[in-house]
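Q: Next come a sequence and a model predicted from it.
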Amino acid sequence: MTHESPNQGMGRREFFQRSLAAGSLLLAPGLLVACASGSTTPATSGASPAIKRGGKLRVGFVGGGDLETLDPQSALNDVDFGRGLNLYDRITHFMPDMSVENLLAESFEPNSTGMAWQLKLKSGVTFHNGKPLTANDALYSFQRIVTKKLTGASRLTAVDWKNARVTGTLTLLLPMLQPWIDLPAMFAEVYDSILPEGTTNFKHPIGTGPFKFVEWHQGQQSLFMKNPDYFMSGTPYVDELVCVSIPDNTSRLQALQSGQIDAMAQIDFAQAKALAHSSAIKLVVAHTDYNVPIYMRMDREPFTDNRVREAMRLLADRPQLVADCFFDYGTVANDLFGKGVPYYNSSLPQRVYDPEKAKSLLKQAGHPDGLTLSLYTSTVAPGMLESATAYAQQAKAGGVTIKLVQTPPSSYYGSQYYLKVPFGQSNWQGTIPIMWSSSFTKTAPYNETAWDNPDWDKAFSQAEATQDPAKRQQIFDDLQSQLYYNGGYISWGDNFTVDATASNLQGMVPNKWYLLGGCDFKSVWFS
């Protein structure tokens, strides 16, 4: 759920490289990040096959049934993301290593105080209907997100939108309510896609992206054709793109193996391990901070008591969960988002399995006979149902009986359960500031744990306004300490994203930000 860009100011590189990804290595085009043990994705080199143009790329996603949308700013599930990232463009975008670069922006720079940003768009970019991209389109798109309180609005609260203004055909001034170091990253998500000014209808969506809309059958599939006027000259390489909704993991894999699709999102980890050395398909493995945590709503009994929440965290045998649910494709987590990405607090003690202490805490909280709980789960993300099943077995040792309520993947994030049940699961990936803006702040759209702490929000804003990297890290460390000891997540493991393609599909680079190489379908081709 998710889900940064180049930035500039005190010096374009210095200002953001220091604040975003210290030590990260920018990848040259075509160079793959290291793959997990058993991955069959080869690193490309100068001897890789020559790019061939043409053909139809068919990609299988989990799908979202009647919840699917063509409005990228309202995207809810992976197939929405896949479509949105190819029909539209953003001001900035994530590179495979999660560093941020400009996309539609020619430059995006703060002034010396950080209280205003100047956005200059690339010239010569046109929408699919031939209309030139202008600053009015960008301002309209941003204000639509904010006024309609769409998902991306929570990440743009530091901007003074009442006073944002167009200063030229391709330039836009964004005054700030406070400095925000990571602002360019906040414009890199699909939620921040740029629409033509005045867009209200998405029956025939118009963007600037590498593919143009042809047709869509909600919950089934969509067809797009190559944009011959795309501003990145020479791309895309394929002529057509088909996004197919296939909720069942096994059915998606069978479709790939039978040649009905050319790539699939989220192969089951057990299936990935079994097919790691297959000559018929290739695994695309990205070492990410993707996780499928269990969440407890802190405003609902029995989770209003932190002793209960701590007991539930102590009932997760994390190494065993990772081994049983992720196989070779994951690492142990510590109840926080973002392990391995900038700002993560690695100094907190690793929480371990302790059912006896959990029993004691439950007794102190008034539950001497333990608890009986319903945990809502699904197969919407790899490892979700498996981890729920394994965790329920582990919790028995602490006197907790967990009944699983499995819901269909196509409707799991619909209105019936998600954000309403006290005990459930979700999936997250991205930078810490982006995930926090979506999950913990007052304006967060996906506050699954009902975290409500104005002082915490204020400190988060302070961190983003702090230019000194050491001081900023200190604030982030303290904020994570509060979440670690008092929050509502049981984040037991981080998994890699594992997708799969046909053996003849080339150019899909593992991407730490998002699945299927960041859905960068303009850059793939058939050998």
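A: Arrived safely.

Q: From here on, just use CA atoms for contacts and neighbour counts.
A: Fine.

Q: So which residues of the stretch 251-400 of the chain form strands?
A: Under the criterion DSSP state E, counting those that start in this stretch, strands of the stretch 251-400 of the chain are mapped to 263-264, 281-291, 294-296, 330-332, 371-377, 400-406.

Q: do the same with the stretch 401-527 of the chain
A: Using DSSP E, counting those that start in this stretch, strands in the stretch 401-527 of the chain cover 423-425, 489-490, 493-502, 505-506, 525-526.

Q: Go through these and name the closest to residue 214.
A: strand 525-526 (20.4 Å; Cα to Cα).

Q: From the chain's centroid, how far away is that closest one?
A: Shown here is strand 525-526, whose average C-alpha point lies 26 Å from the average C-alpha point of the whole chain (Cα atoms, centre = their mean, to the nearest Å).

Q: Please apply the same query to stretch 189-196.
A: In this view, stretch 189-196 has its centroid 15 Å away from the chain centroid, taken as Cα atoms, centre = their mean.

Q: separation between the nearest residue to residue 409 once chain neighbours are set aside and residue 453?
A: Leaving out its chain neighbours, the residue that sits closest to residue 409 by Cα to Cα, 6 or more residues apart in numbering is residue 380, at 4.4 Å. Taking Cα to Cα, to the nearest Å as the criterion, residue 380 is separated from residue 453 by 30 Å.

Q: So the two - more neighbours on which side?
A: Comparing residue 380 with residue 453 by neighbour count (other Cα atoms under 10 Å), the higher total belongs to residue 380, at 26 against 11.

Q: how close does the more buried one sit to residue 391?
A: Distance from residue 380 to residue 391, counting by Cα to Cα: 17 Å.

Q: Can you dump the C-alpha atoms of the top helix by length along the chain in PDB for me?
A: Longest helix in the chain by number of residues, with DSSP state H as the criterion: helix 469-486. Only the C-alpha atoms of helix 469-486 are listed here, as PDB (Å, rounded to 0.1, in the frame of the first residue of the first chain):
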ATOM      1  CA  PRO A 469      20.900  14.600   9.500                       C
ATOM      2  CA  ALA A 470      22.100  13.500  13.000                       C
ATOM      3  CA  LYS A 471      19.400  15.600  14.800                       C
ATOM      4  CA  ARG A 472      16.800  14.400  12.400                       C
ATOM      5  CA  GLN A 473      17.700  10.800  12.900                       C
ATOM      6  CA  GLN A 474      17.600  11.300  16.700                       C
ATOM      7  CA  ILE A 475      14.000  12.500  16.400                       C
ATOM      8  CA  PHE A 476      13.100   9.600  14.100                       C
ATOM      9  CA  ASP A 477      14.700   7.200  16.600                       C
ATOM     10  CA  ASP A 478      12.500   8.600  19.500                       C
ATOM     11  CA  LEU A 479       9.400   8.400  17.400                       C
ATOM     12  CA  GLN A 480      10.000   4.800  16.600                       C
ATOM     13  CA  SER A 481      10.700   4.000  20.200                       C
ATOM     14  CA  GLN A 482       7.200   5.300  21.100                       C
ATOM     15  CA  LEU A 483       5.700   3.100  18.400                       C
ATOM     16  CA  TYR A 484       7.800   0.100  19.500                       C
ATOM     17  CA  TYR A 485       6.700   0.200  23.100                       C
ATOM     18  CA  ASN A 486       3.200   1.500  22.800                       C
END
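
Q: For it, what does the pLDDT average out to?
A: pLDDT averaged over helix 469-486 equals 97, rounded to a whole number.

Q: Show me what that helix is packed against.
A: Identification of packing neighbours for helix 469-486 by 3 or more Cα pairs under 8 Å, 6 or more residues apart in numbering; DSSP states H and E yields helix 306-314, helix 454-465.

Q: Was I right to think the residue nearest to residue 409 contacts residue 406?
A: No. Proximity of residue 380 to residue 406 does not meet the contact threshold set by Cα atoms under 8 Å, at 10.4 Å.

Q: Residue 101: how many residues sit nearby?
A: Counted with other Cα under 10 Å, the burial measure for residue 101 works out to 21 neighbours.

Q: hey, what's it bridged with?
A: Each beta-bridge partner of residue 101 is listed here: residue 93, as defined by DSSP bridges.

Q: Quick check: it touching residue 93?
A: Yes. At 5.6 Å, residue 101 counts as touching residue 93 under the criterion of Cα under 8 Å.

Q: low pLDDT regions in the stretch 1-150 of the chain?
A: 1-49 (pLDDT under 70).

Q: show me where it has helices.
A: Counting by DSSP state H, counting those that start in this stretch, the stretch 1-150 of the chain has these helices, from start to end: 12-20, 78-87, 135-147.

Q: Might you quantify the distance of the very next helix or strand once past the last one from its chain's geometric centre?
A: Past helix 135-147, heading to the C-terminal end, the next element that is a helix or strand (DSSP states H and E) is strand 165-168. With Cα atoms, centre = their mean as the basis, the distance from the averaged C-alpha position of strand 165-168 to the chain average is 31 Å.

Q: Name every strand pairing with strand 165-168 and say which way it goes.
A: Here the strand partners of strand 165-168, with direction, are listed using DSSP bridges: strand 171-175 (antiparallel).

Q: For the next helix or strand after the strand it pairs with, the averaged confidence score.
A: Going down the chain from strand 171-175, the next helix or strand is helix 183-186, by DSSP H and E. When pLDDT is averaged along helix 183-186, the result is 94.

Q: Repeat that for stretch 271-283.
A: 94.

Q: Tell me how far that stretch lies from the chain's centre.
A: 25 Å.

Q: Could you work out the end-to-end span of it for me?
A: Terminal-residue distance, stretch 271-283 (Cα to Cα): 11 Å.

Q: likewise stretch 270-284?
A: From the first residue to the last, stretch 270-284 extends over 15 Å; the measure is Cα to Cα.

Q: Any idea how far that stretch is from the middle of the chain?
A: 24 Å.

Q: List the buried residues for it?
A: Within stretch 270-284, the residues that count as buried by 16 or more other Cα atoms under 10 Å are 270, 272-273, 275-276, 281-284.

Q: Of these, which is the nearest to residue 319?
A: The nearest one, if we look at those relative to residue 319 and count by Cα to Cα, is residue 270, at 16.7 Å.

Q: Okay, the nearest residue to that closest one once chain neighbours are set aside and residue 321: tell me how far apart.
A: Using Cα to Cα, 6+ apart and skipping residues adjacent in sequence, the residue nearest residue 270 is residue 327, 7.0 Å away. With distances taken as Cα to Cα, residue 327 is found 9 Å from residue 321.
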